[in-house]
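Q: got a structure for you, letters missing:
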């Protein structure tokens, strides 16, 4: 499905509710509504249990909303151990530049983060109670009517009725946050993944609260949320972008996400900290001693993970002295994984520890392909169902430390050919300097937000 062709063929800007073009929201969910990607989260018993378990604890956390003028909606980012510290790999970096932050966390699917894991001046607010508030608002409001939505259905020859409850939830979220911002108004909001926070952004714009998108993963031409043929309704889009570096900035500008004066090559200070400070655990050291070489395999979606693991399960028997350590994206995904002596699921090892200390990193289209290179580890990209070609090929095609394969035989031959290869870590790391800029200094950060921060 060519989403940009849809934008060119019909007037998507005219698909509106309450005078706001909702095409950015529709575009993010079409890949599930009429495509093969599953991005719509279904409310099941585990979801309800997590929310209910967190409600009473989150009531007290709401008092933290007044402890900082800078709020961060971190979505459901996993915190990572950096030796003795626990770090939110995106949001915690702001403490280098701001005196404090309110960290608003989505507990789904990982549950509530324990208080001991937060950094000093990182004030936690849980979203369980907020979810309950949004649910109540949704039940008390009528199903929204979207102008000209039927034109899109006719163009696609598809019934998109499933979109209405999704949009109703987002609209209810806007109403809920609108009420919250009338009570407490932050000076600035940082959103980790803007397209997971449409309702909050819409409410913030009504109160003239600037919203900053913090890059958390891949920004590529093929990513539906970062590629529009023309500028979108600003009420659903971020005002600023903190980008990993020049490559992502180029894509965001071309995709009409922000303008040149509103994007900052912020870098990725977490990766730099991992490279300089993170030590290997006893568990990983034991794997290093057990095998001659170790390949870290990071997952993404089961759509590509299943054929990838099937491929590896057939290949690994030919390489008994090579350990394939598989780290799924979520703990609750691929629960029927069946490994072998040298194909091992590693839920308990830090993803970044694996990428740093393994000999090679292997994935289909995870951003870990870029991060492993930034940590000095060569990357193997396996193209399954065209996902690597679609998302990462244009970024990594000229990188000498990225090895592309498209079949089981090609992967087997590559592993054989790499047997006697050695790589200089600093050279591998330097190969992605255009993707990950050096962390911006305090002066440049505050200068960029002059008039907003101060």
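A: Structure received. Just so it is clear, the structure is predicted and the values come from calculations on it, not from any experiment.
Q: CA only for contacts and neighbour counts going forward, please
A: Will do.
Q: Below-threshold pLDDT in this protein: ranges please.
A: 35-48, 50, 76-77, 108-114, 331-336, 453-454 (pLDDT under 70).
Q: Give me the longest helix you can find in it.
A: Counting by DSSP state H, the longest helix found in the chain is helix 163-183.
Q: which of the residues in the helix or strand immediately after it in the chain are buried?
A: Later in the chain than helix 163-183, the nearest helix or strand by DSSP states H and E is strand 188-192. If you call a residue buried by 16 or more other Cα atoms under 10 Å, then strand 188-192 has these buried ones: 188-192.
Q: same question, stretch 265-273
A: Applying 16+ other Cα under 10 Å to stretch 265-273 flags 265-272 as buried.
Q: Next: stretch 393-412.
A: 393, 395-396, 401-406, 408, 411-412.
Q: same check, this time on stretch 279-295
A: Buried residues in stretch 279-295 (16+ other Cα under 10 Å): 280, 284, 287-288, 293-295.
Q: I'd like to know which of those residues are part of strands.
A: Secondary structure from DSSP state E places 293-295 of these in strands.
Q: Pick the one among these closest to residue 146.
A: residue 295 (49.1 Å; Cα to Cα).
Q: wait, what's in contact with that closest one?
A: 322-325, 358-362 (Cα atoms under 8 Å, 6 or more residues apart in numbering).
Q: got it, and residue 435?
A: Shown in contact with residue 435 (Cα under 8 Å, 6+ apart): 244-248, 370.
Q: Among these, find the one with the greatest number of neighbours, please.
A: residue 244 (27 neighbours; other Cα atoms under 10 Å).
Q: Does residue 363 touch residue 382 like I think?
A: Yes: using Cα atoms under 8 Å, residue 363 is in contact with residue 382, at 6.2 Å.
Q: What lies in contact with stretch 427-434?
A: If you take Cα under 8 Å, 6+ apart as the criterion, stretch 427-434 is touched by 245-247, 370, 373-378, 399-401.
Q: what's the spacing between residue 237 and residue 101?
A: Distance from residue 237 to residue 101, counting by Cα to Cα, to the nearest Å: 22 Å.
Q: and residue 26, how many neighbours?
A: For residue 26, the neighbour count with other Cα under 10 Å is 20.
Q: So residue 329 belongs to a helix, correct?
A: No: assigned with DSSP: H, G, I helix; E, B strand; the rest coil, residue 329 falls outside any helix and is coil.
Q: how much space is there between it and residue 310?
A: Distance from residue 329 to residue 310, counting by Cα to Cα: 17 Å.
Q: Neighbour count: the two, which is higher?
A: Per other Cα under 10 Å, whichever of residue 329 and residue 310 has more neighbours is residue 329, with 17 against 14.
Q: Pull the contacting residues for the more buried one.
A: Per Cα under 8 Å, 6+ apart, neighbours of residue 329: 298-301.
Q: follow-up on the earlier one: from the contacts of stretch 427-434, which ones fall inside strands?
A: Per DSSP E, the contacts of stretch 427-434 never map to strands.
Q: Including distance to residue 225, could the residues you listed go into a markdown table?
A: Shown next, in a markdown table, are the contacts of stretch 427-434 (distance: Cα to Cα, whole Å):
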| residue | distance to residue 225 |
| --- | --- |
| 245 | 18 |
| 246 | 18 |
| 247 | 16 |
| 370 | 19 |
| 373 | 25 |
| 374 | 24 |
| 375 | 27 |
| 376 | 29 |
| 377 | 29 |
| 378 | 28 |
| 399 | 25 |
| 400 | 29 |
| 401 | 28 |
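Q: quick one: which of the residues you listed is nearest residue 5?
A: Among those, and counting by Cα to Cα, the member closest to residue 5 is residue 247, at 24.0 Å.
Q: That closest one - nearest residue in space that isn't next to it in sequence?
A: The spatially closest residue to residue 247, leaving aside those adjacent along the chain, is residue 435, at 5.2 Å (Cα to Cα, 6 or more residues apart in numbering).
Q: Give me the phi and psi for the one you found.
A: Taking degrees, to the nearest 10, you get phi -90, psi -40 for the backbone angles of residue 435.
Q: go on, residue 424?
A: phi -90, psi 120.
Q: same question, residue 152
A: Dihedral angles of residue 152 (phi, psi; degrees, to the nearest 10) stand at phi -70, psi -40.
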